[in-house]
Every structure is written in C-alpha cells, then in structure tokens.
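J.: here is a sequence together with a model predicted from it:
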Amino acid sequence: MEENYNIEEAVYEEAPLRYHDVLPIKNTVLFPGVLLPIAVSKKSSLKLIKAANKDNRQLILLTQKDGKMAEPKTDDLYPIGVFARVLQIIPVPEMGKDTMMTIFESFHRVQVTNFIEEDGALKAHAIEMEEHMPLRNDKQFKATAESIRESIVKILNEREDAPAGLQMSIKNLNSDPTMVNYVCSIYHMPTEQKQGLLEIHSLAERAEALLTILQKDLEELTIKADIRRRTAEKIDKRQREYFLQQEMETIKKDLGDNDDNEQIVKELRERAKEKKWSEAVGTQFAKELKRLEHMHVFSPDYSTQLDYLNTMLELPWGIYTEDNYDMQHAQEVLNRDHFGLDKVKQRIVEYLAVQRQLGLRSKKDKENHPVKSPILCLYGPPGVGKTSLGKSVAEALGRKYARVSLGGLHDEAEIRGHRRTYVGALPGRIIDNIKKCGTSNPVFVLDEVDKIGADYKGDPTAALLEVLDPEQNSSFHDNYLDVDFDLSQVLFIATANSLDTVPRPLLDRMELIEMTGYLQEEKEEIAKRHLIPKELANHGLKPSQLKFKKEILAHIIDDYTRESGVRSLERQIATICRKVDTKLALNEEYNVTVTLEDLRSYLGQARFSRDSWETNKYVGVVTGLAWTQVGGEILFIETSLSAAKAPSLTLTGNLGDVIKESATLAVGYVKAHAKELGIKPEVFEKTAVHIHVPEGAIPKDGPSAGITMTTALVSAFTKRLVKPRIAMTGEMTLRGKVLPIGGVKEKLLAAKRAGITDIILCEDNRKDVMDIADIYLKGLNLHYVHDISEVLKIALV
C-alpha cells in the first residue's frame, strides 16, 4: 500500500493544477443555477470583476465566515462555494461613488482543496462537487417545492419590507430545482444557515431543510401578527371605555350621584382611626386611601384597591387574646382530650409557666425584652393525634385556633401572598387565617410540613423560614399587604410524619418533639376514654346498649389493626356500632357486652397475628426484639449448620444491609473466639452456615440484632439450648462490646405480650427503662450487660 501511495503521489505532482481567482463575498451565499446581483465596492474586488468580465473568466465565489472582516484570510472563508461568471456590471451612484452592482451567474458547487497567492491576488484550486438531482417524476420533491412556493409567498405577504416583484419572480420560475436554489439565495437568514444549505449534496434534502426554515419563520410571523391584532383591539377597547367613563362621570355629576366614593373613603378613614398599627403601616394606608379617593368607582382597579384597604382594616393589628395561666385547667384539658403524650403536655405546661412568670415583669422590661412564642414541631406516624393536639392547646391557653394544611403546596405565594400587580391577587394563607381569627396570637397549626413541594413558582419552605424564625417573624412581610406584620406572639405548631423531607434550615428553627406510636395498653385506654363514647354518640347508642371488655379491645387492636395511631381502631369500633344499630332496627337479639364470637361475626376473621414465644427445644433459635412504626414485635433468628466442602454464609428472610452486616460480624466474632466458646476451629472450614429470619415477605433491617445472631450461632455450634422465655436486643462490636439501641419501650411491651419473662439489654439502655411506668414492667426480668460473654452466660443453658 505504501509503494502504491508513492506512485500515485508522483503522478499527482506531475499533473499541473489549475487555479482560479477567488472572490470573497459577504453576508450572502450563491447557489448553483442562480442569477444574483451583488454590490461590490472594494477596489481589489472591482479590479478582479472587471478583468474576469473582460476575459470571460470564471471565478470561485466563497462566502466569508465573518461579514465584518475587511481583509479575510483563507481560514476566514468557507471552503465550499460556486463557480460563477460576471454577466453585467452596473454603476450604482446612490450606494456610493465606487460601488458597482455586479450580476453573477453561478454554475456548479465547488470545494477548494488549496490556496495560493499570486501577484497579491488570492487563487484557489477547486474540485467540482456532484449535485444529486431528484428524478423528473419525483412526487415527493414536487410536493416539497410546491410547499416552498406557498410558504415563501405567505412570508412575503406578511413582511412589509419585502421587495416588490419578488413574488412574481418566484412564481415565474418553472424549474423546481432552480426555484429551490433561488429561494435559498435570496431568502433572509443567517449566513451560516445558508452555507449549511449549500453544503447539502442532495437537492431534495436541501429543499426539505429550506421548507423547515420557512415554516418555522412563517409560524413566528403569524404569532407576531396575531399579537399586533390583539394589541390593537385592546387599545381600541380601552379608548372606548375611557370615553364612556368620561361620559358616565359627566352624567353622574348632572344627577348628583358623585358622593358614593366620598362616603366610602370617609368610612374607611374613620375605621382606620381605631387601629393600633405602627406609623409605617398608617402611612401606607393613608397613601393607598388617597389613591382610592382619586379613582372612579367604575374603574377596573377600584374594587381591587378597595379590597386591599378592607383587608388591612380587618387584620387584628395589636389585638391579642389574654392567656389563661391556670395550670390546673391546662392539664385537665390536655389530659381530657389526649391520653399519653406526656412530653408534649409537659412542654405546653412549661410554656404557660414561663408566660405567667414573664407577665409579672414591669412594663419597661416587657418593652425592652418582648416575649417570643416557641415554634414546636410534632413529628411521628399518622393517627397519633398531632393535629388534634393543636386544638387542645388552643383551648388550654384560651386562644383562638387556626390551621393550614401544607400537604402538596408548591407555590411560594400561598405563604407570602401575591403581589397586587397580578389579577386576583390575595394575601398568603398565614395572613388570611390571622384575619379570620381576629387576634394576633392564635395557636396556628401548620399541618404536613414534610409534604411541601417546589417548582418554578418558588419554594414554599424557603418562605416558611421567615414565618418560623422567632428572630424574624416579628416583621413578616406579605407581598399582598406590602407592609410588615408581627407574628412573634403566634404559637406555631408544625406537624410532620417524617423529618427526612424537611429542609435542614427549617428544622433548625423548630423545637422537635417526637410523638411515637401508641402502645397497646395506651390504645386500650384511648378507646375506653375517647373512641367508644364518641362512636356511641355518633351512632345514637347509649352506654347501656353496647359495652366492651378490656380483653375484647385487646383482640380488636391485635387482630384487626396494625397502625401507630388509633384511626383504624376507631373505624373498627364504628363498624361494631353499625352492626348493633342494624340489629336494633330489625328487633334482633344481641349481646350488650361484645364477646369473642360477636367480634368474629361483626368484623370477620382476624386480619393480623402477632408472634408469641413457642419453645426452646431447638438449638440455634433465639428470640429477638424489633421496633416498627406500629409498635414492637418479636422475631426469631434461626441458624442451621450443614456439612460443606468450603465454608459459606447464607442469609435469608428479606434482610437489609445493616442486619446483614450484623450477621457477618457475628460469624467473625464466633470464629475469632472459637476456643473460648468451646468450638473446634477446624469445624468452620467444613461448615455451611444458614441464618434465616422468618416472614420473608416483610423487609427487615436495623442495628439491633447483633447479640441475637451471635447467640444463635454459638447455640448452633455448641449444641447448647437457649433458656426458655428469654429475648434480647442490642448491637455489638467486633470486640464483643454490646451497644445500646432505640425503641426500648415498644420492644419491652412486645416481649411482655408474647409471654417473654427475661430480657437482655445493653447497660446504657437502663436510662431508657427508667422513663417507663412500672405497670408496663411488671412481670419482666431485665438483664443489663456490657459484653457478649455476659449475654451468652445468661441466655444459654
């Protein structure tokens, strides 16, 4: 190949190259078969044109990449152009003394291969480029050409600056290929776009590309024309309305009805005198009132301006309800409406105590150090009473109650309000609810702050940063009001199911109080105190007509609900009430006190079941404790060993990454301490270990199964049984140190329900147990450990 190439090169060098003069042209591109006039004023270009015209020579016309460049280099020219000859040179004095209008006739497309400079003139060698012409009967090309004709005619009709006679020239072109190239040459478009069309080899493809450009431009022109038409109509309409308003004003003056607006302005001014707003707000109101005074009652902006002034007057500027500092009353209200929730109730009582103490200060001290309400955030699973607690807090404090649901909110204007320049502008939800309450210090519940969205309209959580910041909300700025409003005395209570989706800056401004799911014992008390009386009243039943025993309530909670709160429990009680109503309506006999058989009849078969302690006759099976959003659960860790050629570890039961790591760590610990545990090290080399957690359809994860898995492995390898009715929970390190875990209360109660009597916990969890009432710990023996060796000593026979 190399030898052949040298031969070809030698032949090429011997062949003489023919060079043609190059004429650079600006801001236009010439296409094959087109006659086009081009204005030429550059001296060197005029000299070249005249010489070419005299000698009847062909020139290479190349378009400059930058039309502003006076002396283009070879790199500044597009390499693809056309061969053309000069047909006529016409002086054009009106365009300049030395300007000549030159008419060129183009022939073929060419591609320059190399340039030379000879006697100061640029010459180039070029090869002719093949033009792929469509077939004579190509229907697709004919349709495209016809569409081009129609489009260019429509565009020229829309454009006021279109040259006269251009439409006729296009219509008179009988040859479709010539028409396509002619439109490409004369149509106004960017130079690089024209050059792109020239470089397309297929005329049919060039026609389709041109048609796309024309249709896009035609669409833009149509839109602009429509806008001009509508704008003209609006102007005409406004002028007509103006003249009509002037006539109506004259008529009203003649009839003596011009006093309506004066009366409205007078009433607004009188109402404003009673307001306790700041000087800045008063100045703003006076300014807007003066604007209304100069408006005509039939002006389109009149009602908008009047609504704004009425909104300002309806807001409770400086109006506060007096807090009820009766601590006993507050505790009674909170305990009446909600069972449990001790942390939240304690926080409200503390707030009342602080407010009472601050009320004893001197007037000067109050002005220098104003009181700021706390911003509370109650978070926890659905149905635990977060929202309803806000209403109870308002009653306990003697304040008005307001609530806004923020779930699905994605417009910042819902918080800050709309600017009055928009049609239908309204204040934000915060200011609107303050207006409805009629007081500046209500209890304000912001529901579902974890479900706020964000889009092109803004981020509502960013607006909430000002609302929920005690250092900023004393001057909250609503876009509709356009003045500051004091929210510092509002007791904001936000609610959320999860904190994962709440932005960190927003969390930083709130005092977080966790509301965990209710325990079974707490649910029984809630049903007894609240749900049953409520549903009996809702269904027209007397307490003597339907009764529930404690064990029946326990069955409903265990067998028919699986939730953190009590909503599903309330629905099941309502179902039973409806069944009893039906029996009363049909005069059928029924048991006033619901029995287990009645429960099956009313609610059907049990929907859920809980694990209970079974037996300790198998080695390698240990009872663990887990936390879920709906309470605690017990789970069994099962281990089996089998002979194998190589050691392996299999984990099954739909386990998460954390619990898998606990299993791997447990195996590593047992191998490292084999001698201490009485296990022969060589056993591991020929044993396959399989760890399984039953109920594989349920995902399981969490850092609390470490000691349970280690105990199961030791039990399996040493053939030692686990002591009866014992359960454990805790994570461990590779050194064997037992680590604390969470959800202690829920886990202990789950163990108690399952018949467990002994529970092994980390020593650091002792403080968590101290917060649990003794009634829940009755019948449980708690063993606190520091190391896994203590766990094995307690757990294994």
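T.: Everything's here; your move. Treat the numbers as computed from the prediction; the structure is a model and nothing was measured. Residues are numbered from 1 along each chain as shown.

J.: shouldn't residue 71 be within a strand?
T.: No. Going by DSSP: H, G, I helix; E, B strand; the rest coil, the assignment for residue 71 is coil, not a strand.

J.: from residue 352, how far off is it?
T.: According to CB to CB, to the nearest Å, residue 71 and residue 352 sit 88 Å apart. Where you see a C-beta, it was placed from the backbone N, CA and C, and this is true even at glycine.

J.: try residue 185
T.: 87 Å.

J.: tell me the gap between stretch 145-165 and the middle of its chain.
T.: In this view, stretch 145-165 has its centroid 47 Å away from the chain centroid, taken as CA atoms, centre = their mean, to the nearest Å.

J.: residue 71 and residue 352: which has the busier surroundings?
T.: Legend: neighbour count by other CB atoms under 10 Å for residue 71 and residue 352, higher for residue 352 (21 against 8).

J.: on the three-state scheme, that one is what?
T.: helix.

J.: wait, it touches residue 331, no?
T.: No. At 9.5 Å, residue 352 and residue 331 do not qualify as touching, with contact defined as CB atoms under 8 Å.

J.: what's the top helix by length along the chain packed up against?
T.: For the chain, the helix that runs over the most residues, judged by DSSP state H, is helix 203-255. On a contact count with 3 or more CB pairs under 8 Å, 6 or more residues apart in numbering; DSSP states H and E, helix 203-255 meets helix 139-158, helix 176-186, helix 191-198.

J.: what residues of the longest one count as buried?
T.: It stands for helix 139-158. Using 16 or more other CB atoms under 10 Å as the test for burial, helix 139-158 gives 141, 144, 145, 147, 148, 149, 151, 152, 154, 155, 156.

J.: again with the second one
T.: If you call a residue buried by 16+ other CB under 10 Å, then helix 176-186 has these buried ones: 176, 177, 179, 180, 181, 182, 183, 184, 185, 186.

J.: under a three-state scheme, what state does residue 608 occupy?
T.: Per three-state DSSP, residue 608 ends up coil.

J.: how close does it sit to residue 561?
T.: Taking CB to CB, one finds residue 608 at 7 Å from residue 561.

J.: what segments of the stretch 401-550 of the chain are helices?
T.: For the stretch 401-550 of the chain, the helices defined by DSSP state H, counting those that start in this stretch cover 413-416, 429-437, 460-467, 504-508, 520-526, 532-538, 550-560.

J.: in contact with residue 556, which residues?
T.: Residues in contact with residue 556, defined by CB atoms under 8 Å, 6 or more residues apart in numbering, are 527, 569, 572, 573, 599, 603.

J.: before we move on, back to that, pick the most deeply packed of the helices of the stretch 401-550 of the chain.
T.: Of the helices of the stretch 401-550 of the chain, the one with the most neighbours on average (mean count of other CB atoms under 10 Å) is helix 413-416, at a mean of 24.

J.: and that one, what does it pack onto?
T.: The elements that helix 413-416 packs onto, with contact taken as 3+ CB pairs under 8 Å, 6+ apart, are helix 429-437, helix 460-467.

J.: other residues contacting it?
T.: Residues from elsewhere that reach helix 413-416 (CB under 8 Å, 6+ apart): 409, 428-430, 457-458, 460, 463-464, 467, 477-479.

J.: determine which two of those are furthest apart.
T.: 409 and 477 (18.8 Å; CB to CB).

J.: so for those two, which sits in the more crowded spot?
T.: residue 409 (21 against 13).

J.: let me see the contact set for the more buried one.
T.: Contacts of residue 409 by CB under 8 Å, 6+ apart are 415, 452, 453, 460.

J.: the first one and residue 753, how far apart?
T.: Going back to what we said before, that points to residue 415. Relative to residue 753, and taking CB to CB, residue 415 is found at 45 Å.
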